[in-house]
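Give me coordinates for this.
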Amino acid sequence: PMAQAALGSAGLHFDELNKLRVLEPEVAAQTAQLREECRAFVDKTEEFQKIVGSLIELVDQLAKAAESEKMKAIGARNLLKSIAKQREAQEQQLQALIAEKKMQLERYRIEYETLCKIEADQNEFIDQFIFQK
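This next block holds a predicted model:
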């Protein structure tokens, strides 16, 4: 014990296997435990970084997919607008054609009425001409 005290005062210690050490056995054990805890912490940190990396990759893929779908939706919406404008223009053309045909029908009706009147006048003239003879 006296030798151990003398060695201890010189900063030398014996461990549980009676090997000569510079550190006190308790400090050495704490250091080893801290080293293990640090390794575990580093391992967990690396694992966390891997998880975060794969999460970021997944979010990027989802963002790209969402952007792609958004572009498809914009394209479809633009196509629908274009189709709607085409239909509107077609409807206007058809309305103009209907108006033109109605005017033509009115002209034919007036012409028909005029021809009917002329025919009636001519028939009356013929009747009078026949009765005069």
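
Now do the residue nearest the centre of the chain against residue 76, distance only.
Centroid check for the chain by C-alpha atoms, centre = their mean gives residue 70 as the closest residue, at 2.9 Å. In this view, residue 70 and residue 76 are 11 Å apart by C-beta to C-beta, to the nearest Å. Just so you know, the C-beta spots here come from the backbone N, C-alpha and C atoms, and that holds for glycine as well.

shared neighbours, those two?
Shared contacts of residue 70 and residue 76, defined by C-beta atoms under 8 Å, 6 or more residues apart in numbering, are not found at any residue.

May I ask you to name the longest helix in this structure?
In the chain, with assignment by DSSP state H, the single longest helix is helix 25-132.

just how off-centre is it within its chain?
In this view, helix 25-132 has its centroid 15 Å away from the chain centroid, taken as C-alpha atoms, centre = their mean, to the nearest Å.

Give the burial count for residue 81, as a bare number.
Around residue 81 there are 10 other residues, counting by other C-beta atoms under 10 Å.

and residue 91, how far is that from residue 100?
Taking C-beta to C-beta, one finds residue 91 at 15 Å from residue 100.

and residue 29, how many neighbours?
13.

Over to residue 75?
Residue 75, neighbours per other C-beta under 10 Å, totals 10.

Tell me the confidence at it?
At residue 75 the predicted local distance difference test score is 97.

Same check on residue 13?
66.

Kindly report the same for residue 83.
Per-residue confidence (pLDDT) for residue 83: 97.

Can you report how many residues lie near it?
10.

and it, how far is that from residue 33?
74 Å.

do the same with residue 107
Applying C-beta to C-beta to residue 107 and residue 33 gives a distance of 110 Å.

Low-confidence bits of this structure, can you list those?
Across the chain, the ranges flagged by pLDDT under 70 are 1-25, 133.
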